[in-house]
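> pasting the structure only:
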Ligand SMILES: CC(C)(COP(=O)(O)OP(=O)(O)OC[C@H]1O[C@@H](n2cnc3c(N)ncnc32)[C@H](O)[C@@H]1OP(=O)(O)O)[C@@H](O)C(=O)NCCC(=O)NCCS
């Protein structure tokens, strides 16, 4: 993501989080922080128009996803999963053990998406998004991956 992308990013942000969208300043901050990364997805069939983005930070051996959105017209086509998969690949490359994020407890689409990408609920932060709006803390860990592989191995052995 670059400064020049922010107009398109902000349009998706406002459609995705109408109640409390990130501001231009919040995205600019992510572009300046050395341990923060923000990536955009472009539709190569539509002149490279921005159709999604993910912002994350890496601190020590942990990553945190701070923002993720896909343009409404581009949803349900696997892009959200692909953006999360990019962050998971980055964690593996860096040898990071965990990825965390917070998601509103009523955001079914996002919770399904993260579960699909091997993130598991790790706690509840009550009233995190304001009164009666709780956050589910979800995390991916390299350990989950080992366990998944071990389960697959076990199944293969017993077959
Ligand atoms: C959440 C979001 C990023 C998903 O993006 P997407 O590109 O539509 O996601 P994908 O197409 O990769 O879907 C992956 C999985 O997510 C789940 N999913 C996606 N949209 C869903 C919906 N509306 N309802 C239920 N599950 C949904 C499904 O399990 C899906 O897997 P499947 O297609 O095999 O069933 C998108 O809906 C979005 O931008 N929402 C607004 C912003 C937001 O909530 N961001 C997350 C904040 S933490």
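It's in. Because the structure is predicted, anything quoted here is derived from the model rather than measured.
> I'd assumed residue 28 was in a helix, is it?
Yes: assessed with DSSP: H, G, I helix; E, B strand; the rest coil, residue 28 lies in a helix.
> that one reaches residue 9, doesn't it?
No: with contact defined as CB atoms under 8 Å, residue 28 does not count as touching residue 9 (10.7 Å). (C-beta placed from N, C-alpha, C; glycine too.)
> show me what from the protein comes close to the ligand.
Within the chain, the positions adjacent to the ligand are 16, 68-70, 75-81, 103, 107-110, 112-113, 116 by CB under 6 Å from any ligand atom.
> re the thing from before, the more surrounded of residue 28 and residue 9?
The neighbour count for residue 28 versus residue 9, taken as other CB atoms under 10 Å, is higher for residue 9 (23 against 11).
> from the ligand, how far off is that one?
As judged by CB to the nearest ligand atom, to the nearest Å, residue 9 and the ligand stand 12 Å apart.
> state the helix or strand in which that residue lies.
Element membership of residue 9 [criterion: DSSP states H and E] is helix 6-16.
> what packs against that helix?
Packing partners of helix 6-16 (3 or more CB pairs under 8 Å, 6 or more residues apart in numbering; DSSP states H and E): helix 24-32, strand 49-59, strand 62-70.
> now the ones you listed as JSON lines including mean pLDDT?
Below are the helices and strands packed on helix 6-16 laid out as JSON lines (pLDDT from 0 to 100):
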{"stretch": "helix 24-32", "mean pLDDT": "98"}
{"stretch": "strand 49-59", "mean pLDDT": "97"}
{"stretch": "strand 62-70", "mean pLDDT": "97"}
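> want to try TSV for these, with distance to residue 38 as columns?
Listed next are these as TSV, based on distance: least, CB to CB, whole Å:
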stretch	distance to residue 38
helix 24-32	5
strand 49-59	4
strand 62-70	8
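> for these, which one sits closest to residue 142?
Nearest to residue 142 among those is strand 62-70; the distance by CB to CB comes to 10.9 Å.
> can you tell me which of the residues of the chain next to the ligand are in strands?
68, 69, 70, 103 (DSSP state E).
> ok, the residue nearest to the last one when sequence neighbours are not counted - how many residues close by?
Counting by CB to CB, 6 or more residues apart in numbering, residue 110 is the residue found nearest to residue 103 once chain neighbours are left out, at 4.8 Å. In terms of burial, residue 110 registers 20 neighbours under the definition other CB under 10 Å.
> quick one: residue 110 and residue 69, what's the gap?
Relative to residue 69, residue 110 is positioned 9 Å away (CB to CB, to the nearest Å).
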